[in-house]
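J.: whatever this is, show me its structure:
(2 chains)
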2 protein chains.
Amino acid sequence: MSEMRVIKVKQSVLANNDARAAKLRNELKGKGVFLINVMSSPGAGKTTLLVNLINKLKTKLKIGVIEADMDAIVDAETVASKTGVKTIQLHTSGECHLDAKMVNEAVDFIGEEKFDILFLENIGNLVCPAEFDTGAALNLVLLSVPEGDDKPLKYPLMFEKGNAFVFTKMDTLSVFDFDLNKVEERIMRLNSKAVFFPTSARKDEGVDTLADYLIRLVEDYKK
Amino acid sequence: MSEMRVIKVKQSVLANNDARAAKLRNELKGKGVFLINVMSSPGAGKTTLLVNLINKLKTKLKIGVIEADMDAIVDAETVASKTGVKTIQLHTSGECHLDAKMVNEAVDFIGEEKFDILFLENIGNLVCPAEFDTGAALNLVLLSVPEGDDKPLKYPLMFEKGNAFVFTKMDTLSVFDFDLNKVEERIMRLNSKAVFFPTSARKDEGVDTLADYLIRLVEDYKK
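T.: You can find the predicted model right below:
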């Protein structure tokens, strides 16, 4: 297997995925279903944020959740038991990311017509999920305070592909070296349209602002 | 591109990599160079631990560092300036992991004969680096307290492939839900030979114990 052959296979996989993702995005737009791809490092707080956020949104909008994991079911159980919204588990069998095909199958399975927002919790990984368009209308990227403000320098593609950025665990700011201005500047350099939401899901800080932002996006989307 | 074709290419890539890694491991053993593959999530504290650890080891052993990043050079500059040991930067051009070929080239470049220990700081990623044998004699896996004690449930391959596990940022234990007994149990279920090192590099706690462990491993290795 030559290196060149491997690169060609990867390019072909990515091109196929882009086409599938565009088709899915178009179908979801037609149905008024707003798909949100939630990405971050392992342990940045995707599940905790989703639980808090969904409990704020669910009285106003019909919410569904697709939880991806390589193997486990703990997150899907947590979200389902703490929010009561319909949640399905998608297993990637060891794959490091979701692709549009997996997401399309999950969307068909959950029965997308019923939902205003479908949250897709991607595999915890700052690298691979950024390469694969899932067909989502919004890429929501989380960065936790303990991870450090240098992450946009080291994982630039994720910060280019994100649309909205949630800084999580903001209640631990005094314990870690994390400069909010610096991290926002670093992201803006990669992505001038980025919007930012500092939050602490545990202390219920900043999540209302994020919920209002998503409600406005969904209203615009359905026009 | 059929799915089956993609899977076959991946299997072929992994088989080639395993063969290359075994050859590199054998060559390094012949030269008495102990290669340590350091893996974790983004922001778990690989660089901070390495700086503290190397400053303890460098009076007793000749140390070199290979810093991998997709694009940045910040970690290599930090390690070089704070430890004074020879450090080279390896760029993966967006790849999510190191493979044995990249590591072999880096080892040739740094001039391995001179070193007792070569540290290899892998890409911050709990998924892909676990699939690719680098040729290292030891896989050192870091898990930070803020990430949570459920990570072995969700990223099992990394915890199967690790040999020694360093829990980092232990000084923040009071701020997060992290049960040390529970995480050790979860790792032991995947990997009965696992050994554990709770540390805080910032407070300089537990790193001496890890340094002593590595010194003993290197002595045994050179026998």
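J.: need the three-state assignment for A:F196.
T.: Classification of A:F196 by DSSP: H, G, I helix; E, B strand; the rest coil places it in strand.
J.: and the closest residue in space to it that isn't next to it in sequence, what helix or strand is that in?
T.: By the measure of Cβ to Cβ, 6 or more residues apart in numbering or on different chains, the closest residue to A:F196 outside its immediate chain neighbours is A:F165, 5.2 Å from it. For glycine as for every other residue, the C-beta is placed from the backbone atoms N, C-alpha and C. Using DSSP states H and E, A:F165 maps to strand A:164-168.
J.: in the helix or strand just after that strand, what counts as buried?
T.: For strand A:164-168, the following helix or strand on the C-terminal side (DSSP H and E) is helix A:180-190. Neighbour counts over helix A:180-190 (16 or more other Cβ atoms under 10 Å in any protein chain shown) mark A:V183, A:E184, A:R186, A:I187, A:L190 as buried.
J.: any idea how many residues pack against the residue nearest to A:F196?
T.: A:F165 is flanked by 23 other residues according to other Cβ atoms under 10 Å in any protein chain shown.
J.: could you tell me the angle between the host helix or strand of A:D208 and strand A:164-168?
T.: A:D208 is located in helix A:207-222, with elements delineated by DSSP H and E. In terms of direction (axes from the mean of the first three to the mean of the last three Cα atoms, to 10 degrees), helix A:207-222 departs from strand A:164-168 by 160 degrees.
J.: pLDDT of helix A:207-222, averaged?
T.: For helix A:207-222, mean pLDDT rounds to 98.
J.: which parts of chain A sit against chain B?
T.: A:1, A:5-6, A:9, A:12-13, A:16, A:41-43, A:69-72, A:74-75, A:94, A:96, A:123-128, A:131, A:144, A:146-148, A:150-151, A:153-157, A:169, A:172, A:175-176 (Cβ under 8 Å from any Cβ of the partner chain).
J.: mind listing what the spatially most central residue of chain A touches?
T.: For chain A, A:V38 is the residue whose C-alpha lies nearest the centre (Cα atoms, centre = their mean; 1.0 Å). A:V38 sits next to A:K46, A:L49, A:L50, A:F119, A:L120, A:E121, A:N122, A:L140, A:L142 when contact means Cβ atoms under 8 Å, 6 or more residues apart in numbering or on different chains.
J.: pretty sure it sits in a strand.
T.: Yes - under three-state DSSP, A:V38 falls within a strand.
J.: buried ones in the helix or strand bottoming out on mean pLDDT in chain A?
T.: The weakest-scoring helix or strand in chain A, judged by mean pLDDT, DSSP states H and E, is helix A:3-31 (a mean of 87). By neighbour count with 16+ other Cβ under 10 Å, helix A:3-31 contains the buried residues A:V9, A:V13, A:N17, A:R20, A:A21, A:L24, A:R25, A:L28.
J.: test my guess that the last one contacts A:A137.
T.: Yes - with contact defined as Cβ atoms under 8 Å, A:L28 counts as touching A:A137 (7.0 Å).
J.: now the common contact residues for these two.
T.: What both A:L28 and A:A137 touch, as defined by Cβ under 8 Å, 6+ apart, is the set A:F34, A:L35.
J.: which of the buried residues of helix A:180-190 lies closest to A:K223?
T.: Using Cβ to Cβ, A:I187 comes nearest to A:K223 of these, at 28.4 Å.
J.: so where is chain A shaky, pLDDT-wise?
T.: By pLDDT under 70, the weakly predicted segments of chain A are A:1-7.
J.: A:L143 belongs to a helix?
T.: No - with three-state DSSP as the criterion, A:L143 is located in strand rather than a helix.
J.: and the helix or strand where A:L50 lies, what other elements does it pack with?
T.: Secondary structure assigned from DSSP H and E places A:L50 in helix A:46-57. Helix A:46-57 sits against strand A:34-39, strand A:63-69, helix A:74-83, strand A:117-121, strand A:164-168, helix A:207-222, with contacts defined as 3 or more Cβ pairs under 8 Å, 6 or more residues apart in numbering or on different chains; DSSP states H and E.
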